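Colleague: My questions are about this predicted structure, shown below with the sequence.
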Amino acid sequence: MGTPTALRKTRAVLTGTSFANNTTGAITAQMVRQFVETGMGGYATIYSPAGTPASQAVASTATATIDWNADSVGANGPDDTGTVTGTVGSDADFANDRIRIYDKGFFMVNLGISFAQTGADTVIWTFRIAHDIDGAGATYPGYDCAVQRVAATLDNMVSASGIINTTGHTTYTDVLAQVKHADSGSENFQMHYGQLSVFRVG
């Protein structure tokens, strides 16, 4: 039985014309990383684990970015930046209430919040996923969810998710979780638990 040859390729073939867009003929570590990242996904998470909830005041009709460190227990979850922060990957950054994505591609965003309010007013809370491209300001792809609260003793869970396109940024896209309400006065929002995460899907 002869030796199969279909799977055997010389280095010259692998680094040459079999990669049509590769004009230099060299496969770099960056190319390998981007290939693996596309297949396995870039990712990052920020979260608020169990702790004593702290109130975050949200003014009437205003949209406030959720303070992940309001109760001093916010944290970075896994991210894939490694030693190349600012170049590729995604950076978990709870200190600035955001996840920063350096890669160009398509990312699934997931938001989950367990929360309460301190007042007894009937308030409709709207939670929003926002993205900020190169620091130009928050924009909204429409991935919102809302819940009505009628008593301060109740606790509720909300979630939102969707895909964002980061191919149009020059340097980065920030992902933010925000909250708003339309009550007549300021209301206090308390996050008991929460997680904001992104992972690459294309």
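Modeller: Thanks, I have it. Numbering: from 1, shown residues only.

Colleague: Let me see the domain layout of this protein.
Modeller: 7-40, 41-200 (automatic domain parsing).

Colleague: Of these, which stretch is the most buried?
Modeller: Highest mean neighbour count of the domains of the chain: domain 41-200, a mean of 17 (counted as mean count of other C-beta atoms under 10 Å). Yep, even glycine has a C-beta here, placed from its N, CA and C like the rest.

Colleague: Work out the gap between that one and the centre of the chain.
Modeller: Relative to its chain's centre, domain 41-200 lies at 8 Å (C-alpha atoms, centre = their mean, to the nearest Å).

Colleague: pLDDT on that domain, on average?
Modeller: Mean per-residue pLDDT for domain 41-200: 87.

Colleague: so what strands line up beside the longest strand anywhere in the chain?
Modeller: In the chain, assigned by DSSP state E, the strand with the most residues is strand 187-200. Paired strands of strand 187-200, with direction, are strand 43-48 (antiparallel), strand 55-58 (antiparallel), strand 106-117 (antiparallel) (DSSP bridges).

Colleague: Show me the helices in the protein, by range?
Modeller: 11-14, 29-40 (DSSP state H).

Colleague: Lowest mean pLDDT across those, which one is that?
Modeller: Lowest mean pLDDT of the helices of the chain: helix 11-14, a mean of 49.
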